[in-house]
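S.K.: Using only what follows, build the 3D model:
(chains A and B)
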Amino acid sequence: MKIRGRVWKFGADIDTDAIIPARYLNSSDPLELAKHCMEDADPEFPAKVRKGDIIVAGKNFGCGSSREHAPIAIKAAGVSAVVAKSFARIFYRNAFNIGLPIFESPDAVDAIDEGDEVLIDTKKGTITNLKTGKQYPSTAFPPFMSELIKAGGLINYVKRRVQN
Amino acid sequence: MTIAEKILAVHSGRREVRPGELINCRVDVVLGNDITAPVAIQEFEKIGIKTVFDRDRVVLVPDHFTPNKDIKSAEQVKILREFARKHKLTNYFEVGRMGIEHCLLPEQGLVVPGDLVIGADSHTCTYGALGAFSTGVGSTDMAAAMATGEVWFKVPESIKFIFQGEKLNPWVSGKDLILYVIGKIGVDGALYKAMEFAGPIISSLSMDSRFTMANMAIEAGGKCGIFAPDEITLEYVKGRAKRPYTLYESDPDAEYTAVYEIDVSEIEPQVAFPHLPENTRPISEVGNVEIDQVVIGSCTNGRLEDLRIAAEVLKGYKVHERVRAIVFPGTQEIYKQAMKEGLFEIFIDANVAVSTPTCGPCLGGHMGILAKGERAVATTNRNFVGRMGHPESEVYLSNPAVAAASAVMGRIAAPWEVK
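M.R.: Coordinates of the predicted model:
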């Protein structure tokens, strides 16, 4: 699969409270959460973001709480992928489990600016900055996780196992 | 193997595991709360299985926005309540019986040494204090584990922190040790890793302080924080444990990616400045920081030892006229014991508000939200932008003694300025 989108750039250690503040967690409705996505990092973001856009951020993206509402809000806001230098552990699992494509690539992050157009080849794991034409590799997923992707996420994987 | 590796090996039915291996583990307890469980329950329903893997091992604690702060929160809790009834869960904790989940589960003996626990709450790492492997996950992982009783893990590498010295400096507790560590290694210094705490200082450290330390392993990005159980652990577990337990410890030749030796004589009470827990400073280097609110409590520092220390500092004083101070005991049992010991009298005489157990203010949910430009000193675990209210408010993290002294002085203060 190929993902193409315009970039919103964020710094290091973007925490889950910045992605979706706890004051909105009395709802788990994805569209409701999307209205406040990244609000405490950039109050304009929910209004500015367009379907297909890509978030590019520094190290430790998604640190803090285990709230799955964070990747849910990002996905429901229309963001097609997140590229970061590294991801916090629970966010990494959650993004994976709900089907939000994420890519770890310090070099790509350094070479991509806000507003750039980026093309991600999910199969090859490459990230291309269409403005400069330069391509960057991302860290490969462990084989088990690729299996989960193939199954259509953790719930489908478990569903199949339970039925067998 | 390390203690973390041993527990993972046993729960995956293997004799040995190595860091980096992907393994499927049997879980002893699956935990969720009023924010994460509604999503997990929705995902669980999609699996199409009749009931949970074990009705005694799925624990639901509505504690974040309870007592229900608004209609939406009440609806969320209702989802948990109805699920608990439908599946006849033995461990659903309603208001009046509940507590902040990570204070409650160990207290009720629902987690025991040697367990493997997952919880849809990042501070699930707290139970490492008991010598259990426990870690936070999201709602979908919780759903899958509720259905199968299993979860997949990448075996983490371990980092060892050895606390050397004879005794802690005055007013230094577990909170300062863990803030010091986070200040040293950063908020991703232990990313994906198990943090093992050891050394002579740990051997004499109270359970409450150990819970505080394990609790904040996630603030360094850790997968878990873990202590080898000892006599202090057994003393705590005795009379509480609802199940048999197993004691594990790391082998002398266990492998670590890093070993830190820390001399506690250089550790004074620590304060983490906004907006990351790694922005720590010793209390002597804080300067003049005026404050509006003090919060003492949470899954980090809402236990009896914490309340006793706060009361010791506050006794005979009044909270500064500009400051609101709020105490949140962790559980009903802690609440009752604090009351029996006369701590509430000290708090109330000092003009401190005492609340029923809730996570409320720690995550900016309710019961103590900050306005624009306000500052709080809190014994909680995170000081991210907007964590306790308005995005332009500030949270400073400290131990209960510093928080109590700050309440009296109206600025961040050392306990010895009061006592």
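S.K.: any idea how far residue B:374 lies from chain A?
M.R.: Using CB to the nearest CB, to the nearest Å, residue B:374 is found at 15 Å from chain A. C-beta: built from backbone N, CA, C; applies to glycine.
S.K.: which residue sits closest to that residue in space, ignoring its chain neighbours?
M.R.: Once flanking residues are discounted, residue B:374 sits nearest to residue B:292: 4.3 Å by CB to CB, 6 or more residues apart in numbering or on different chains.
S.K.: so what's that neighbour up against?
M.R.: For residue B:292, the contact set (CB atoms under 8 Å, 6 or more residues apart in numbering or on different chains) comprises B:322-324, B:370, B:374-376.
S.K.: same check, this time on residue A:115
M.R.: By CB under 8 Å, 6+ apart, the residues touching residue A:115 are A:6-7.
S.K.: go on, residue A:41?
M.R.: Contact partners of residue A:41, counting by CB under 8 Å, 6+ apart, are A:10, A:14, A:18-19, B:385.
S.K.: Secondary structure class of it, three-state.
M.R.: The assignment at residue A:41 comes out as coil when based on DSSP: H, G, I helix; E, B strand; the rest coil.
S.K.: if we can go back for a sec, format the contacts of residue B:292 as CSV; extra columns: neighbour count.
M.R.: Shown next, in CSV, are the contacts of residue B:292 (neighbours: other CB atoms under 10 Å in any protein chain shown):
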residue, neighbour count
B:322, 11
B:323, 23
B:324, 19
B:370, 24
B:374, 18
B:375, 20
B:376, 29
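S.K.: So which of these belong to strands?
M.R.: Counting by DSSP state E, the members of these that fall within strands are B:324, B:375-376.
S.K.: Closest to chain A out of the contacts of residue B:292?
M.R.: Within the contacts of residue B:292, proximity to chain A (CB to the nearest CB) peaks at residue B:370, which comes in at 11.4 Å.
S.K.: Closest to residue B:123 out of the contacts of residue B:292?
M.R.: Distance to residue B:123, by CB to CB, is smallest for residue B:376 among these, at 19.0 Å.
S.K.: hey, where'd the strands end up in chain A?
M.R.: Taking DSSP E as the test, the strands found in chain A are A:2-9, A:54-57, A:81-84, A:102-104, A:117-121, A:126-129, A:134-137.
S.K.: Extract the CA atoms of the longest one and return them as PDB.
M.R.: Included here for strand A:2-9 are C-alpha records, laid out as PDB according to Å, rounded to 0.1, in the frame of the first residue of the first chain:
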ATOM      1  CA  LYS A   2       1.100   3.600  -0.700                       C
ATOM      2  CA  ILE A   3       0.200   6.500   1.600                       C
ATOM      3  CA  ARG A   4       0.600  10.000   0.300                       C
ATOM      4  CA  GLY A   5       0.000  13.100   2.400                       C
ATOM      5  CA  ARG A   6       0.900  16.500   3.500                       C
ATOM      6  CA  VAL A   7       3.000  16.800   6.700                       C
ATOM      7  CA  TRP A   8       2.300  18.300  10.100                       C
ATOM      8  CA  LYS A   9       5.500  18.400  12.100                       C
END
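S.K.: Let me know the pLDDT of residue 156.
M.R.: Picked chain A for this. Residue A:156 carries a pLDDT value of 91.
S.K.: My question was about chain B, not that one.
M.R.: 98.
S.K.: Next one, pLDDT for the residue of chain B positioned farthest from its centre please.
M.R.: Most distant residue from the mean C-alpha position of chain B: residue B:48, 33.5 Å away (CA atoms, centre = their mean). Reading off the confidence values, residue B:48 has pLDDT 94.
S.K.: residues contacting it?
M.R.: So residue B:48 contacts A:159, A:162-163 (CB under 8 Å, 6+ apart).
S.K.: Neighbours of residue B:287, how many?
M.R.: Using other CB atoms under 10 Å in any protein chain shown, residue B:287 has 8 other residues around it.
S.K.: Which strand residues bridge the most centrally placed residue in chain A?
M.R.: Taking CA atoms, centre = their mean, the centroid of chain A lies closest to residue A:82, which sits 3.2 Å from it. Counting by DSSP bridges, residue A:82 is bridged to residue A:55, residue A:102.
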